[in-house]
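Novice: what's the 3D shape of this:
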Amino acid sequence: MNILIVGCGKVGSELAATLSREGHSVTIVDANEAAFEKLPPDYSGYCTAGIPIDRDVLREAGIENCDALAAVSPDDNTNIMVCQVAKEYFDVENIVARIYDPRRENVFAHFGLRTICPTNLTVETVKNLLMEEPDRQVLIGQSTVSFHTVPVSRKMVGMLVSELNLGEGKSPFAVCHEDGSMTMAAYQPITIRAGDSLVVAAIVD
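Specialist: Now for the predicted structure:
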C-alpha cells in the first residue's frame, strides 16, 4: 500500500518504520524537519517537511496517489483538518486519526472519520485488567503504573473524589459503580455513592 502519515512523533515514527519494514510505500509529513530524526536508520520511506494542512505540502507528499492516510500528530485540531482536506479535496477514503481528547470523538464521527483514542484504549484496557485482578501493574509510556481497586468506606460516601486524600503518591483514577459502569475521575466531579469502588493509581517507577 501507498500510505501517508501525518505527524512524526513517537507514534508516527514507529508506525512509519513498521509499515516500511513490512514493504509498504510510506511517506511521513511533519512541520518540524528535526522530527524526522526519530525515524530509525532502516526506514526506507520518504519524508516531507511542511505544514500538513497545506494542500501543496500534501501533494508534494503524494496524497493524490496514496491508498491510506494516518493523522497522528499531537494536535487534535491538526488531525481533523488534515482528515477533512484528505477526504474532501483528494478523495482519500481510508483515513484513520488519533485523538487525545475523547470528548472530540463525536466531532470526527460527524465527518465520517475513524479514530483511535489512546485515553479510551487505556481506560478500557485498565478496566478489563482490574476486573480480572484486584491489583495490576501496567506499563504506560515509560512509567510503570500500579492500579488497584478498593471499596469505599462509610466516611467517603457523599464526598467528591477530588476531596479524597489517598496518601502520598496515590491518585484516584476512576470510580467503579455497582452497575458495572466506570467513571473517569479526571473529567467531571464525582460524588461517591455507597457500593462504589475506587480505582487507585500510583507510579511505581
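
Novice: Could you say which helix or strand holds A16?
Specialist: Element membership for A16, per DSSP states H and E: helix 10-21.

Novice: Name the residues that touch that helix?
Specialist: 1, 3, 5-6, 8, 26, 28, 30, 35, 38-40, 42-45, 70, 72-73, 98 (CB atoms under 8 Å, 6 or more residues apart in numbering). Where you see a C-beta, it was placed from the backbone N, CA and C, and this is true even at glycine.

Novice: Figure out how far that helix is from the centre of its chain.
Specialist: 16 Å (CA atoms, centre = their mean, to the nearest Å).

Novice: on contacts alone, who are the packing partners of the following helix or strand past it?
Specialist: For helix 10-21, the succeeding helix or strand toward the C-terminus, using DSSP H and E, is strand 25-30. Packing partners of strand 25-30 (3 or more CB pairs under 8 Å, 6 or more residues apart in numbering; DSSP states H and E): strand 2-6, helix 10-21, strand 46-49.

Novice: Nearest to F147 among the ones you listed would be which one?
Specialist: F147 sits nearest to helix 10-21 of all these, at 22.6 Å, using CB to CB.

Novice: residues contacting the residue nearest to the spatial centre of the chain?
Specialist: Centre of the chain computed as the mean C-alpha position; nearest residue by CA atoms, centre = their mean is P118, 2.4 Å away. Applying CB under 8 Å, 6+ apart to P118 gives the contacts 98, 100.

Novice: And the pLDDT for it?
Specialist: With respect to pLDDT, P118 scores 72.

Novice: Okay, it and I99: tell me how far apart.
Specialist: Distance check for P118 against I99: by CB to CB, to the nearest Å, it reads 8 Å.

Novice: Break the chain down into its domains, please.
Specialist: 2-116, 120-203 (automatic domain parsing).

Novice: low-scoring stretches of the protein, by residue?
Specialist: 122, 125-136, 138-142, 186-188, 205 (pLDDT under 70).

Novice: Would you state the strands of it in chain order?
Specialist: With strands called from DSSP state E, the chain shows them at 2-6, 25-30, 46-49, 68-71, 95-98, 114-116, 135-140, 143-151, 170-176, 182-184, 197-203.

Novice: list the buried ones in the longest one?
Specialist: For strand 143-151, the buried set under the neighbour-count rule, 16 or more other CB atoms under 10 Å, comprises 145-149.
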